[in-house]
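Colleague: missing the sequence, but the structure's below:
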């Protein structure tokens, strides 16, 4: 361990030090909603409040923090003081009580050397100045991979400030992983995944029954940019005919025509067995794996990323599939495009997600209590709390978070495909 690391660890505060210095703990939520987030807030806040530490929550993630100087932030508008009543009542709400946004203050940081560039770190340093101004000693961030990247940058800048000035009040970040996509490394299952995927599965099952009654097909587009966990689970729950997920293509570009040829053959085989109906589930992230020629027809944001919600990959596939099916059979068939996703993110958490989120909140408190900044809260075995260092989750060269996809050689993937094979007999 380096002298610098030892010096930093010696400075990390416990609860007694936070209390003695009159420092607060702050929470924020960034990125898309996930069922159970309020239980994370409640679980963490109540622990701090019970131990005499004030808690504030920043509204709309990093949005106000990155856009406003510290002196312009107003309590009740840009942040709130969280008391016992707010913490207790939070679990009754489905929508996260602090709101959220996709503001990404670390978007200009592409390498470690960028952290030495005052211009590229201007927004991040302003956020740390705000923490100092508001006497925030620790931040608990709740979010996905971009939020973890930001937490990693803020942690490194805080470490540098502490090395230069031992009295610097802000000591760092503890991160709570959140995504219904379930593609986070370092934790077995992310909170909200089971709730959202089950809600999507119920919709898929309803559409399956509709397809059976009308002797037709539905093509359902579901969430999942980089991984197929959500789409696969919903398809399994809803008796999907075939789940089309990013893992099947190993980042190799393909065309909708190729995919439609494969699916049309499945439709024809099912018809030979007396089943003229079915349902195809496609992950929205499949749009990013199409050939460049096909992607030129789709809208992109100002960073050059496909707008998946507007790409309408399910609708595009349904149209191509109708054409391919007619070419193969000489007859027409209706493939009805459907989109589901947003409505599944605001359901009351399932029992597992309620337990997991409450424990992650307590875990966030525990890591702060132990001065374990620069770590992500995780659970192991029977929801036993643990932490994992940011540098174990973030690529040291690209600074990108390592994602966890479905192993196409693993049992979960084999379950998906074996069930489909059985259902298509």
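Modeller: Now that the structure is in, tell me what you want to look at. What you are looking at is a predicted structure, and each value in this text was computed from that prediction instead of being measured.
Colleague: Number of residues surrounding residue 310?
Modeller: 11 (other Cβ atoms under 10 Å). All C-beta atoms are positioned from the backbone trio N, CA, C, and that covers glycine.
Colleague: Kindly report the same for the one 3 residues further on.
Modeller: When neighbours are counted by other Cβ under 10 Å, residue 313 registers 26.
Colleague: Mind pulling the model confidence for the residue nearest to it when sequence neighbours are not counted?
Modeller: Leaving aside its sequence neighbours, residue 313 sits nearest to residue 287 (Cβ to Cβ, 6 or more residues apart in numbering; 4.3 Å). Residue 287 is assigned a predicted lDDT (pLDDT) of 88.
Colleague: Residue 287 contacts residue 297, correct?
Modeller: No. Between residue 287 and residue 297 there is no contact under Cβ atoms under 8 Å: 10.3 Å.
Colleague: Look at those two and report which has more neighbours.
Modeller: residue 287 (25 against 9).
Colleague: For the more buried one, list the residues it contacts.
Modeller: Residues in contact with residue 287 (Cβ atoms under 8 Å, 6 or more residues apart in numbering) are 295, 298, 306, 308, 311, 313.
Colleague: which residues are in contact with stretch 345-365?
Modeller: 32-45, 47-48, 94-95, 140, 174, 176-177, 180, 189, 191-196, 198-199, 377-379, 383, 385-387.
Colleague: What of stretch 417-425?
Modeller: The contact list for stretch 417-425, computed with Cβ under 8 Å, 6+ apart, reads 235, 236, 239, 240, 241, 242, 243, 266, 269, 270, 273, 275.
Colleague: Make JSON lines from the residues you listed and add pLDDT and neighbour count to it.
Modeller: Listed next are the contacts of stretch 417-425 as JSON lines, based on pLDDT from 0 to 100; neighbours: other Cβ atoms under 10 Å:
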{"residue": "235", "pLDDT": "98", "neighbour count": "32"}
{"residue": "236", "pLDDT": "98", "neighbour count": "19"}
{"residue": "239", "pLDDT": "97", "neighbour count": "17"}
{"residue": "240", "pLDDT": "98", "neighbour count": "29"}
{"residue": "241", "pLDDT": "98", "neighbour count": "23"}
{"residue": "242", "pLDDT": "98", "neighbour count": "21"}
{"residue": "243", "pLDDT": "98", "neighbour count": "27"}
{"residue": "266", "pLDDT": "98", "neighbour count": "16"}
{"residue": "269", "pLDDT": "97", "neighbour count": "12"}
{"residue": "270", "pLDDT": "97", "neighbour count": "18"}
{"residue": "273", "pLDDT": "95", "neighbour count": "9"}
{"residue": "275", "pLDDT": "96", "neighbour count": "17"}
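Colleague: Mark which of those are part of strands, please.
Modeller: 242, 243 (DSSP state E).
Colleague: closest to residue 111 among the contacts of stretch 417-425?
Modeller: residue 243 (36.9 Å; Cβ to Cβ).
Colleague: For the closest one, give its distance to residue 205.
Modeller: As for residue 243, its distance to residue 205 is 14 Å (criterion: Cβ to Cβ, to the nearest Å).
Colleague: again, but for residue 363
Modeller: In terms of Cβ to Cβ, residue 363 sits 34 Å off from residue 205.
Colleague: what about the two, which has more around it?
Modeller: Higher neighbour count among residue 363 and residue 205: residue 363, with 26 against 17, using other Cβ under 10 Å.
Colleague: Pull up the per-residue confidence for that one.
Modeller: Confidence score, pLDDT, at residue 363: 98.
Colleague: Would you list the phi and psi of the closest residue to residue 80 other than its chain neighbours?
Modeller: The shortest distance from residue 80 to any non-neighbouring residue, by Cβ to Cβ, 6+ apart, is to residue 57 (5.3 Å). Note on residue 57: its backbone torsions stand at phi -130, psi 130 [degrees, to the nearest 10].
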